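In: can you look at this prediction? I've put the sequence above it.
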Amino acid sequence: MSYIFWLCWSRFKGGFFVKGVLFIIFVVLFSFPTVSIYAQSSTFAQKEQMAGLAMQLRALQELVNNLKGSLSPRIAVAQTPPSTTVTFDNPVPAGNPFDFLNGLFNGINFGTGQWRWEEAYSVNSTNHIFFSSDVQSRSFTFSPGPRMLTSIRVFSDQSGTLTLTDNNSQTRTQLITTGSLQTVTTGWTQPSTSVTVTFTGGWYLGVDDIIYSDVSAPDTIPPSSPTNLTATPISSTQINLSWTASTDT
(Lines give C-alpha, C1' and ligand atoms only; values in the text may rest on other atoms or scores of the structure.)
Protein backbone atom coordinates (compact mmCIF):
# COMPACT_ATOMS: atom_id res chain seq x y z
CA MET A 1 0.00 0.00 0.00
CA SER A 2 2.94 2.41 0.79
CA TYR A 3 4.51 1.71 -2.62
CA ILE A 4 1.32 2.60 -4.44
CA PHE A 5 1.05 5.87 -2.50
CA TRP A 6 4.70 6.79 -3.32
CA LEU A 7 4.18 6.01 -6.98
CA CYS A 8 1.08 8.24 -7.20
CA TRP A 9 2.78 11.00 -5.23
CA SER A 10 5.94 11.08 -7.36
CA ARG A 11 4.18 11.02 -10.70
CA PHE A 12 1.43 13.50 -9.94
CA LYS A 13 2.41 17.00 -11.17
CA GLY A 14 0.05 19.01 -8.98
CA GLY A 15 1.04 21.39 -6.19
CA PHE A 16 1.36 20.72 -2.49
CA PHE A 17 -2.33 21.41 -1.80
CA VAL A 18 -3.47 19.01 -4.47
CA LYS A 19 -1.10 16.38 -3.21
CA GLY A 20 -2.51 16.90 0.29
CA VAL A 21 -6.01 16.25 -0.97
CA LEU A 22 -4.73 13.17 -2.76
CA PHE A 23 -3.18 11.94 0.50
CA ILE A 24 -6.51 12.29 2.39
CA ILE A 25 -8.40 10.44 -0.34
CA PHE A 26 -5.79 7.69 -0.27
CA VAL A 27 -6.12 7.25 3.51
CA VAL A 28 -9.92 7.09 3.39
CA LEU A 29 -10.06 4.61 0.52
CA PHE A 30 -7.55 2.20 1.95
CA SER A 31 -8.73 2.44 5.56
CA PHE A 32 -12.48 1.92 4.97
CA PRO A 33 -12.28 -1.79 3.98
CA THR A 34 -10.27 -2.49 7.13
CA VAL A 35 -12.82 -0.71 9.34
CA SER A 36 -15.68 -2.49 7.57
CA ILE A 37 -14.08 -5.91 8.02
CA TYR A 38 -13.42 -5.19 11.69
CA ALA A 39 -17.02 -4.08 12.24
CA GLN A 40 -18.38 -7.19 10.53
CA SER A 41 -16.07 -9.41 12.60
CA SER A 42 -17.15 -7.67 15.81
CA THR A 43 -20.83 -8.01 14.89
CA PHE A 44 -20.41 -11.72 14.14
CA ALA A 45 -18.72 -12.32 17.50
CA GLN A 46 -21.54 -10.53 19.29
CA LYS A 47 -24.16 -12.58 17.46
CA GLU A 48 -22.34 -15.80 18.34
CA GLN A 49 -22.16 -14.76 21.98
CA MET A 50 -25.87 -13.85 22.02
CA ALA A 51 -26.75 -17.21 20.45
CA GLY A 52 -24.79 -18.99 23.16
CA LEU A 53 -26.57 -17.05 25.89
CA ALA A 54 -29.93 -17.82 24.29
CA MET A 55 -29.23 -21.55 24.34
CA GLN A 56 -28.24 -21.39 28.00
CA LEU A 57 -31.42 -19.51 28.82
CA ARG A 58 -33.49 -22.14 26.99
CA ALA A 59 -31.76 -24.89 28.99
CA LEU A 60 -32.49 -23.11 32.26
CA GLN A 61 -36.10 -22.55 31.21
CA GLU A 62 -36.46 -26.27 30.51
CA LEU A 63 -35.13 -27.00 33.98
CA VAL A 64 -37.64 -24.63 35.55
CA ASN A 65 -40.52 -26.22 33.61
CA ASN A 66 -39.48 -29.73 34.65
CA LEU A 67 -39.14 -28.81 38.30
CA LYS A 68 -42.26 -26.68 38.52
CA GLY A 69 -44.68 -29.58 38.90
CA SER A 70 -42.44 -31.41 41.35
CA LEU A 71 -41.84 -28.45 43.61
CA SER A 72 -45.48 -27.37 43.75
CA PRO A 73 -47.55 -29.13 46.43
CA ARG A 74 -50.48 -31.12 45.18
CA ILE A 75 -53.79 -29.37 45.61
CA ALA A 76 -56.73 -31.57 46.42
CA VAL A 77 -59.57 -30.85 44.03
CA ALA A 78 -63.04 -31.53 45.27
CA GLN A 79 -64.77 -34.06 43.04
CA THR A 80 -68.18 -35.68 43.18
CA PRO A 81 -67.64 -39.23 44.48
CA PRO A 82 -69.26 -42.11 42.58
CA SER A 83 -72.64 -43.16 43.92
CA THR A 84 -74.55 -46.43 44.12
CA THR A 85 -78.33 -46.81 43.98
CA VAL A 86 -79.77 -49.97 45.56
CA THR A 87 -83.08 -50.63 43.75
CA PHE A 88 -83.80 -54.29 44.66
CA ASP A 89 -84.69 -54.82 41.00
CA ASN A 90 -81.29 -55.48 39.47
CA PRO A 91 -80.27 -57.79 40.93
CA VAL A 92 -83.37 -59.16 42.62
CA PRO A 93 -82.86 -60.38 46.21
CA ALA A 94 -82.56 -64.11 46.71
CA GLY A 95 -85.63 -66.23 47.35
CA ASN A 96 -89.25 -65.22 46.90
CA PRO A 97 -91.24 -62.09 47.75
CA PHE A 98 -91.79 -61.73 51.55
CA ASP A 99 -88.62 -63.73 52.27
CA PHE A 100 -86.00 -62.26 54.56
CA LEU A 101 -83.33 -60.09 52.99
CA ASN A 102 -80.34 -61.38 54.94
CA GLY A 103 -76.68 -60.49 54.76
CA LEU A 104 -74.81 -58.46 52.15
CA PHE A 105 -76.69 -56.97 49.20
CA ASN A 106 -75.20 -54.31 46.90
CA GLY A 107 -72.75 -53.00 49.49
CA ILE A 108 -75.22 -53.03 52.40
CA ASN A 109 -75.43 -55.65 55.14
CA PHE A 110 -79.07 -56.00 56.21
CA GLY A 111 -78.30 -58.35 59.07
CA THR A 112 -80.37 -61.45 59.78
CA GLY A 113 -84.16 -61.52 60.10
CA GLN A 114 -84.57 -57.72 60.18
CA TRP A 115 -85.84 -56.96 56.68
CA ARG A 116 -88.09 -58.57 54.09
CA TRP A 117 -88.46 -57.77 50.41
CA GLU A 118 -91.51 -57.71 48.17
CA GLU A 119 -92.59 -56.83 44.66
CA ALA A 120 -94.73 -53.87 43.57
CA TYR A 121 -97.15 -52.71 46.23
CA SER A 122 -99.40 -49.68 46.68
CA VAL A 123 -97.84 -46.58 45.04
CA ASN A 124 -94.47 -48.30 44.44
CA SER A 125 -94.30 -50.21 41.16
CA THR A 126 -90.91 -51.84 41.83
CA ASN A 127 -89.28 -54.18 44.34
CA HIS A 128 -88.57 -52.72 47.80
CA ILE A 129 -87.96 -53.72 51.42
CA PHE A 130 -89.85 -53.30 54.72
CA PHE A 131 -89.48 -54.20 58.40
CA SER A 132 -89.71 -57.97 58.94
CA SER A 133 -92.19 -57.56 61.81
CA ASP A 134 -94.41 -54.91 63.36
CA VAL A 135 -91.64 -52.89 65.02
CA GLN A 136 -90.71 -49.23 64.67
CA SER A 137 -87.02 -49.45 63.74
CA ARG A 138 -84.51 -51.52 61.83
CA SER A 139 -80.81 -51.01 60.98
CA PHE A 140 -78.32 -51.77 58.23
CA THR A 141 -74.55 -51.32 57.85
CA PHE A 142 -72.36 -50.44 54.91
CA SER A 143 -69.91 -53.12 53.90
CA PRO A 144 -67.27 -52.10 53.19
CA GLY A 145 -67.76 -48.84 55.04
CA PRO A 146 -68.03 -46.14 55.87
CA ARG A 147 -70.22 -44.69 53.13
CA MET A 148 -72.12 -41.44 52.74
CA LEU A 149 -75.89 -42.04 52.77
CA THR A 150 -77.36 -39.54 50.31
CA SER A 151 -81.06 -40.38 50.26
CA ILE A 152 -83.77 -43.05 50.31
CA ARG A 153 -87.26 -43.21 48.78
CA VAL A 154 -90.14 -44.32 50.98
CA PHE A 155 -93.91 -44.75 51.00
CA SER A 156 -96.51 -45.82 53.55
CA ASP A 157 -100.19 -46.67 53.87
CA GLN A 158 -100.14 -44.83 57.21
CA SER A 159 -98.78 -41.35 57.86
CA GLY A 160 -95.94 -41.14 60.34
CA THR A 161 -92.60 -39.62 61.23
CA LEU A 162 -89.46 -41.10 59.71
CA THR A 163 -86.12 -40.63 61.48
CA LEU A 164 -82.74 -41.64 60.11
CA THR A 165 -79.76 -41.78 62.49
CA ASP A 166 -76.22 -43.06 62.07
CA ASN A 167 -73.23 -44.04 64.21
CA ASN A 168 -71.97 -40.41 64.09
CA SER A 169 -75.20 -39.09 65.67
CA GLN A 170 -76.29 -37.50 62.40
CA THR A 171 -80.08 -37.29 62.17
CA ARG A 172 -82.70 -36.63 59.50
CA THR A 173 -86.40 -36.44 60.40
CA GLN A 174 -89.26 -36.09 57.90
CA LEU A 175 -93.05 -36.47 57.97
CA ILE A 176 -94.20 -39.19 55.58
CA THR A 177 -97.69 -38.92 54.11
CA THR A 178 -99.73 -41.48 52.19
CA GLY A 179 -100.35 -41.69 48.45
CA SER A 180 -96.89 -41.08 46.94
CA LEU A 181 -93.26 -42.07 46.86
CA GLN A 182 -91.23 -39.50 48.82
CA THR A 183 -87.51 -38.84 48.72
CA VAL A 184 -85.73 -38.32 52.02
CA THR A 185 -82.39 -36.55 51.53
CA THR A 186 -80.07 -36.78 54.53
CA GLY A 187 -77.83 -33.74 53.98
CA TRP A 188 -75.21 -35.51 56.08
CA THR A 189 -71.59 -34.39 55.90
CA GLN A 190 -69.88 -37.43 57.42
CA PRO A 191 -69.78 -40.99 56.11
CA SER A 192 -71.65 -43.61 58.11
CA THR A 193 -70.89 -47.15 59.13
CA SER A 194 -74.41 -48.01 60.32
CA VAL A 195 -77.84 -46.42 59.80
CA THR A 196 -81.02 -46.89 61.83
CA VAL A 197 -84.42 -46.36 60.19
CA THR A 198 -87.22 -45.46 62.63
CA PHE A 199 -90.86 -44.98 61.60
CA THR A 200 -93.78 -44.32 63.92
CA GLY A 201 -96.07 -46.28 61.57
CA GLY A 202 -94.06 -49.48 62.00
CA TRP A 203 -93.79 -52.00 59.19
CA TYR A 204 -96.14 -50.06 56.91
CA LEU A 205 -93.05 -48.22 55.68
CA GLY A 206 -91.67 -49.34 52.32
CA VAL A 207 -88.05 -48.47 51.53
CA ASP A 208 -86.56 -48.25 48.02
CA ASP A 209 -83.74 -46.58 46.06
CA ILE A 210 -81.10 -46.31 48.77
CA ILE A 211 -78.40 -44.01 47.37
CA TYR A 212 -74.96 -43.87 48.95
CA SER A 213 -71.52 -42.75 47.79
CA ASP A 214 -67.95 -43.78 48.35
CA VAL A 215 -66.00 -41.17 50.24
CA SER A 216 -62.24 -41.24 49.68
CA ALA A 217 -59.86 -38.99 51.58
CA PRO A 218 -58.15 -36.38 49.35
CA ASP A 219 -54.44 -36.61 48.68
CA THR A 220 -52.93 -33.84 50.83
CA ILE A 221 -49.32 -35.10 50.92
CA PRO A 222 -47.11 -33.19 48.45
CA PRO A 223 -44.40 -34.98 46.46
CA SER A 224 -40.80 -34.79 47.64
CA SER A 225 -38.45 -32.13 46.31
CA PRO A 226 -35.98 -33.05 43.54
CA THR A 227 -32.33 -33.24 44.67
CA ASN A 228 -28.75 -33.41 43.36
CA LEU A 229 -29.13 -30.74 40.70
CA THR A 230 -25.94 -30.45 38.66
CA ALA A 231 -24.94 -28.33 35.63
CA THR A 232 -22.23 -29.70 33.31
CA PRO A 233 -20.71 -27.29 30.72
CA ILE A 234 -20.30 -29.03 27.37
CA SER A 235 -19.28 -26.09 25.20
CA SER A 236 -19.63 -22.34 25.01
CA THR A 237 -23.19 -22.86 23.82
CA GLN A 238 -24.32 -25.94 25.79
CA ILE A 239 -24.94 -26.79 29.45
CA ASN A 240 -26.26 -30.21 30.48
CA LEU A 241 -28.51 -30.29 33.56
CA SER A 242 -29.34 -33.37 35.63
CA TRP A 243 -31.13 -34.07 38.92
CA THR A 244 -32.78 -36.81 40.99
CA ALA A 245 -36.51 -36.75 40.32
CA SER A 246 -39.09 -36.28 43.05
CA THR A 247 -41.25 -39.12 44.34
CA ASP A 248 -44.98 -39.13 45.06
CA THR A 249 -46.52 -41.70 47.35
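Out: On my side now, so go ahead.

In: switch to C-alpha atoms for all contacts and neighbour counts from now on
Out: Will do.

In: what about residue 203, which SS state?
Out: helix (DSSP: H, G, I helix; E, B strand; the rest coil).

In: and the strands in the chain?
Out: Applying DSSP state E to the chain gives strands spanning 83-86, 104-105, 108-109, 115-118, 128-131, 137-142, 148-156, 160-166, 171-176, 182-185, 194-199, 205-213, 227-235, 238-244.

In: so what's residue 83 bridging to?
Out: residue 213 (DSSP bridges).

In: quick check: it touching residue 213?
Out: Yes - contact status for residue 83 versus residue 213: in contact at 4.0 Å, counting by Cα atoms under 8 Å.

In: ok, back up a step: of the strands of the chain, flag the one that's most buried.
Out: Of all the strands of the chain, strand 128-131 has the most neighbours on average by mean count of other Cα atoms under 10 Å, namely a mean of 24.

In: pLDDT averaged over that one - what is it?
Out: Here strand 128-131 scores 98 as its mean pLDDT.

In: need the residues that contact stretch 95-108.
Out: Contacting residues not belonging to stretch 95-108 are listed as 86, 93-94, 109-119, 132, 140-144 [Cα atoms under 8 Å, 6 or more residues apart in numbering].

In: scratch that, stretch 182-196
Out: Residues from elsewhere that reach stretch 182-196 (Cα under 8 Å, 6+ apart): 137-142, 145-155, 164-168, 170-172, 174, 176, 215.

In: give me the domain ranges for the protein.
Out: 2-73+224-244, 83-213 (automatic domain parsing).

In: could you tell me the least trusted of those domains?
Out: For those, where the average pLDDT is lowest is domain 2-73+224-244, sitting at a mean of 61.

In: from residue 199, how far out is the spatially closest residue to residue 198 that is not a sequence neighbour?
Out: Excluding the flanking residues, the one nearest residue 198 by Cα to Cα, 6 or more residues apart in numbering is residue 137, at 4.1 Å. As judged by Cα to Cα, to the nearest Å, residue 137 and residue 199 stand 6 Å apart.
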